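**Student:** The amino acid sequence is not available; the structure is as follows:
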């Protein structure tokens, strides 16, 4: 292609929108957000603006906020060798591997017309085959976005992945076309994802989207569900803005999705559960709240469509107290004071340090001496670090679940804090690991739903890293993958997406996933916690406890997945 003007425009686009001073075209901004979700490092393509053709380059940028951003560079351009607009569209679809008949179906023309256009392209681009045309299109960045006729999910070309991610992220239902080879003409099965891609939880929201997207792509590559394609609709929300959650649910229900899933969005907005219950379709979540499990248990007629695909937060308390008791009993660590200070966010979803924990610690021979509460937003980490330092506990228990708590970890390490720092969940998030860096050495963290370090988990980790460039975190990517596979297993088992039959199948089956075993048939329809709720590892998900050693998480508990003998105690403390 030929750049027609030295004038170049640059924009920075985040998942939650543009930078305040940017005025990027909405269609191009949507493609940029698809680029971020697709996980590519860079991409180039042609884009037709109102004033003419443009060459677009996108590159991934590290961001000081919650998620990566895209640098979008737009330059005016002309099509090479006298190629027409329609020929550019045909060339794009040839590069995606579509036949003349499939291209004709997308462009609303005849296969014979497409054949003539392909022949012209062969002459204009001096090529002898369709493969040659495809190579030129890819090498010279002559792929047109948006793809003519709609996204193509079965192709691994970067531009195709970007367009598909952009469409799913927008929540639109992609148009069906003749390229959906192998799928029946029955209506596709629609999966809705509530993703917190705006605000402080965006890092985890991106994990959710990517894990679910991998599952959908794998299922569709195998022929979908009984020959029916799975369409993936993603609605972005702000975890702390109930209005965005309500609006997203309304858009997904209007699109007639067959099931919905999310991570812990409803933990902050339990009022949304009534909307989901009224809709009546299966809803899977990892809110980790016993109160939402109790809702199902106490009102199965109203909330029987809801499944918590992880154990509840009460097992964080039991697991923490048990861990400290076992360290002392097995002679791994015996601090003189056995004192605990807890730090938690001022939110119901972060409360672990309560009378129940105090009693569990007393029974284990430890004391909960003090609890510090901080706002979820804009906490004063320096002041908090000073208070922790003044109290000098043997163990600091942190249940603040947002990854920005890594800033506190950096301060504690810089101040030389010598106690054991134990995190509930937050340290499993990739952004926490990136921000904390070397300061996380020696910390311990736990999760009630985490990817097992076995052959299944390793294969998923490789697939995820190959597709997105970075390895997944330890919790939400694999949890979302499992949620999609649970639904797919139910749909395949009943050979339909009928909600009542799907719900009954989810209740009555046991499935092994990346994060352990899912038995959702109890009264509250939540996964069982191993080894505390069930001693049978073939029925539950392990409450996993890790310690960061030499930059790598080392499993300490439960046996046999972990080994407490690998625990490294904090440095000796002066009293």
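**Tutor:** Yep, that arrived. In this text, all values refer to a predicted model and were calculated from it rather than measured experimentally.
**Student:** could you measure the nearest residue to residue 492 once chain neighbours are set aside against residue 209, distance?
**Tutor:** Spatial nearest neighbour of residue 492, chain neighbours left out: residue 225 (5.5 Å); criterion: C-beta to C-beta, 6 or more residues apart in numbering. To be clear about C-beta, it is placed using only N, CA and C from the backbone, and glycine gets the same treatment. Distance, residue 225 to residue 209, by C-beta to C-beta, to the nearest Å: 21 Å.
**Student:** follow-up on the earlier one: got a list of what the residue nearest to residue 492 touches?
**Tutor:** Residue 225 sits next to 189, 219, 488, 491, 492, 497 when contact means C-beta atoms under 8 Å, 6 or more residues apart in numbering.
**Student:** Quick check: helices, which of these are part of them?
**Tutor:** Per DSSP state H, helices hold the following members of those: 219, 488, 491, 492.
**Student:** any chance of the residues you listed in CSV, with pLDDT too?
**Tutor:** Shown next, in CSV, are the ones in helices among the contacts of residue 225 (pLDDT from 0 to 100):
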residue, pLDDT
219, 94
488, 97
491, 97
492, 95
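**Student:** Among these, which one lies nearest to residue 150?
**Tutor:** Nearest to residue 150 out of the ones in helices among the contacts of residue 225 is residue 219 (C-beta to C-beta; 19.4 Å).
**Student:** Number of residues surrounding that closest one?
**Tutor:** Residues lying near residue 219 (other C-beta atoms under 10 Å) number 22.
**Student:** oh, and call the first residue 85 from now on, that's how I've got it
**Tutor:** Noted, 85 is the first residue going forward, which turns the last one into residue 303.
**Student:** Work out for me the element the residue sitting furthest away from the middle of the chain sits within.
**Tutor:** Largest separation from the mean C-alpha position in the chain: residue 207, at 45.6 Å (C-alpha atoms, centre = their mean). Counting by DSSP states H and E, the element that carries residue 207 is helix 195-208.
**Student:** Also residue 473?
**Tutor:** Following DSSP H and E, one finds residue 473 within helix 465-475.
**Student:** other SSEs contacting that helix?
**Tutor:** Packing partners of helix 465-475 (3 or more C-beta pairs under 8 Å, 6 or more residues apart in numbering; DSSP states H and E): strand 423-429, strand 451-458, helix 490-498.
**Student:** again, 6 Å this time
**Tutor:** Here helix 465-475 touches helix 490-498, going by 3 or more C-beta pairs under 6 Å, 6 or more residues apart in numbering; DSSP states H and E.
**Student:** what comes into contact with the helix or strand following the helix it packs on?
**Tutor:** Where DSSP H and E defines the elements, the next helix or strand beyond helix 490-498 is strand 504-508. Residues from elsewhere that reach strand 504-508 (C-beta atoms under 6 Å, 6 or more residues apart in numbering): 400, 436, 479, 480, 481, 482, 483, 527, 528, 529, 654.
**Student:** Give me the distance between the two termini of stretch 312-330.
**Tutor:** 29 Å (C-alpha to C-alpha, to the nearest Å).
**Student:** Tell me the buried residues in it?
**Tutor:** Going by neighbour count (16 or more other C-beta atoms under 10 Å), the buried part of stretch 312-330 is 312-324, 326, 328-329.
**Student:** and that stretch, how far from the chain's centre?
**Tutor:** Taking C-alpha atoms, centre = their mean, to the nearest Å, one finds the center of stretch 312-330 at 12 Å from the center of the full chain.
**Student:** which other residues reach that stretch?
**Tutor:** Contacts for stretch 312-330 (C-beta under 6 Å, 6+ apart): 252-253, 255, 267-268, 270, 272-283, 285, 293, 300, 303-304, 308, 332, 335-336, 339, 352-353, 356.
**Student:** OK, contacts around residue 277?
**Tutor:** 296, 318.
**Student:** Next, it: secondary structure please.
**Tutor:** Classification of residue 277 using DSSP: H, G, I helix; E, B strand; the rest coil returns strand.
**Student:** one step back: drop anything exposed from the ones in helices among the contacts of residue 309.
**Tutor:** 303, 572, 575.
**Student:** Quick check, the first one in contact with residue 571.
**Tutor:** It stands for residue 303. No. If you go by C-beta atoms under 6 Å, residue 303 and residue 571 don't touch, sitting 9.7 Å apart.
**Student:** can you map out the strands along the stretch 485-634 of the chain?
**Tutor:** 504-508, 528-531, 594-597, 600-603, 612-614, 624-626, 628-633 (DSSP state E, counting those that start in this stretch).
**Student:** mind giving me JSON lines with the ones you listed and columns for mean pLDDT?
**Tutor:** Shown next, in JSON lines, are the strands of the stretch 485-634 of the chain (pLDDT from 0 to 100):
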{"stretch": "strand 504-508", "mean pLDDT": "97"}
{"stretch": "strand 528-531", "mean pLDDT": "97"}
{"stretch": "strand 594-597", "mean pLDDT": "97"}
{"stretch": "strand 600-603", "mean pLDDT": "97"}
{"stretch": "strand 612-614", "mean pLDDT": "97"}
{"stretch": "strand 624-626", "mean pLDDT": "97"}
{"stretch": "strand 628-633", "mean pLDDT": "97"}
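**Student:** right, and those - which one's nearest residue 177?
**Tutor:** strand 594-597 (36.9 Å).
**Student:** Partner strands of the closest one, with direction?
**Tutor:** strand 600-603 (antiparallel) (DSSP bridges).
**Student:** Now that we're looking at the closest residue to residue 440 other than its chain neighbours, what pLDDT does it have?
**Tutor:** Closest residue to residue 440 apart from its sequence neighbours, by C-beta to C-beta, 6+ apart: residue 401 at 5.8 Å. Note for residue 401: predicted pLDDT of 96.
**Student:** Check whether residue 401 really touches residue 441, as I assumed.
**Tutor:** Yes. Using C-beta under 6 Å, residue 401 is in contact with residue 441, at 4.5 Å.
**Student:** rewinding a little: just the buried ones among the contacts of stretch 312-330, please.
**Tutor:** Judged by 16+ other C-beta under 10 Å, buried ones among the contacts of stretch 312-330: 252-253, 255, 267, 272-283, 285, 293, 300, 303-304, 308, 332, 335-336, 352-353, 356.
**Student:** List the ones among the residues you listed that fall in strands.
**Tutor:** Counting by DSSP state E, those place 273, 274, 275, 276, 277, 278, 279, 280, 281, 282 in strands.
**Student:** Okay, buried residues for stretch 514-531 please.
**Tutor:** Within stretch 514-531, the residues that qualify as buried are 514-517, 519-520, 523-524, 526-531, counting by 16+ other C-beta under 10 Å.
**Student:** cool, stretch 643-659 as well?
**Tutor:** In stretch 643-659, counting by 16+ other C-beta under 10 Å, buried: 645, 646, 648, 651, 652.
**Student:** mind checking how far the residue nearest to the third one when sequence neighbours are not counted is from residue 624?
**Tutor:** If I follow you right, that is residue 648. Closest residue in space to residue 648, ignoring its immediate chain neighbours: residue 640 at 5.4 Å, by C-beta to C-beta, 6+ apart. Using C-beta to C-beta, residue 640 is found at 18 Å from residue 624.
**Student:** out of the two, which sits in the more crowded spot?
**Tutor:** A direct count of neighbours by other C-beta under 10 Å for residue 640 and residue 624 places residue 640 higher, at 25 against 21.
**Student:** okay, among the buried residues of stretch 312-330, which ones form the most distant pair?
**Tutor:** Farthest pair in the buried residues of stretch 312-330 (C-beta to C-beta) is 312 and 324. Separation: 36.4 Å.
**Student:** Check the burial of residue 494 by counting its neighbours.
**Tutor:** Neighbour tally, residue 494, other C-beta under 10 Å: 17.
**Student:** for it, what are its contacts?
**Tutor:** Contacts of residue 494 were listed using C-beta under 6 Å, 6+ apart, and they are residue 523.
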